[in-house]
Each structure stands twice: as structure tokens, then as C-alpha cells.
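>>> generate coordinates for the sequence data below:
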Amino acid sequence: MPRPRPEPYAEKRQYPRAPIGVIVRVQFDGQSRHYYSKNISAGGAFLLADEPLSEETRLSVELFLPMLPQPVTAIAEVVWVQRQEPTGFALQFKQIGDAERDAIRFVVNRYLGESVKE
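Okay, the predicted model is just below:
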């Protein structure tokens with residue numbers, strides 16, 4: 001049974017989140033699927049899906065972000081599932097390099113109109 005999302009969830013976020021829709025390639029259990037993101041942060045993303053993956057699923061992800069020549073890669077885990085519209089699932093990055101996290105932070109900050117902090 002899915003765990004209820006704690007409220008207020010947004011206040012617990014460590015990183016700013018931006019409504020950036022990009023293609024995300026997900027690999028798990030020998031399968032490869034493509035999803036579209038609803039929002040992204042340096043800590044994770046929400047992916048739209050008619051049939052969301054199960055909580056606690058570990059996966060490899062590639063995010064094809066604007067302004068970046070290469071996809072950002074990470075190991076992530078499904079931390080919650082949303083079954084009402086828009087259906088999908090939230091990922092939390094569990095293993096991600098500093099350069100990859102900084103690249104996501106750069107894109108999110110640019111989208112939100114914030115100055116990039118060094």
C-alpha cells in the first residue's frame with residue numbers, strides 16, 4: 001500500500017524545484033523506458049506515467065536537460081506514487097555526482113530566473 005505523502009512536503013525539499021518538462025530515460029530490471037518530467041530539482045524529479053512504477057524501485061536515470069550537451073545520469077529511487085491526475089511517480093536521486101547535481105541546479109536556477117551561485 002502506498003505511503004501517504006507527508007504534508008507539507010514542499011517545505012521539506014532541500015533543493016528548489018522547477019516545472020521543466022524533459023525526456024527522462026529510465027532503466028530497471030533489464031528494461032528501458034522513456035518518461036516526460038513534470039518538474040525537476042537537484043534532488044529528484046516527478047515523472048508523468050499512465051502506469052507509475054512502484055515505490056522503492058531503484059533505477060538508473062538519464063535526464064536530457066536543456067542547455068546541456070550530455071544527459072545527466074544518476075541512480076534514483078521511486079519515493080512516492082501519484083495515482084490521480086496527473087499520474088506519475090517521484091524520484092529521489094540516491095547516487096549522483098557533484099558535477100551532475102550542479103548541472104541540474106544550473107538549469108533549474110536559470111529556469112527560475114535566479115543567479116547561479118558558485
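>>> burial measure for residue 58, as a count.
12 (other Cβ atoms under 10 Å). From N, CA and C alone the C-beta is placed, and that goes for glycine too.
>>> for the nearest residue to it once chain neighbours are set aside, give me its contacts.
Excluding the flanking residues, the one nearest residue 58 by Cβ to Cβ, 6 or more residues apart in numbering is residue 77, at 5.3 Å. By Cβ atoms under 8 Å, 6 or more residues apart in numbering, the residues touching residue 77 are 56-59, 91-92, 94.
>>> could you do residue 15 as well?
Counting by Cβ under 8 Å, 6+ apart, residue 15 has contacts 41-43, 105, 108.
>>> so which strand or helix has the most centrally placed residue in the chain?
Closest to where the C-alpha atoms of the chain average out (Cα atoms, centre = their mean) is residue 45, at 1.7 Å. Using DSSP states H and E, residue 45 sits within strand 44-48.
>>> angle of the helix or strand following that strand against strand 44-48?
Where DSSP H and E defines the elements, the next helix or strand beyond strand 44-48 is strand 58-63. Using axes from the mean of the first three to the mean of the last three Cα atoms, to 10 degrees, the inter-axis angle of strand 58-63 relative to strand 44-48 is 90 degrees.
>>> and the contacts of strand 58-63?
Residues contacting strand 58-63 (Cβ under 8 Å, 6+ apart): 22, 24-28, 37, 40, 45, 53, 71-78, 91, 93-94, 104.
>>> from those, list just the buried residues.
With neighbours counted by 16 or more other Cβ atoms under 10 Å, those contain buried members at 22, 24-26, 37, 40, 45, 53, 71-72, 74, 76-78, 91, 93, 104.
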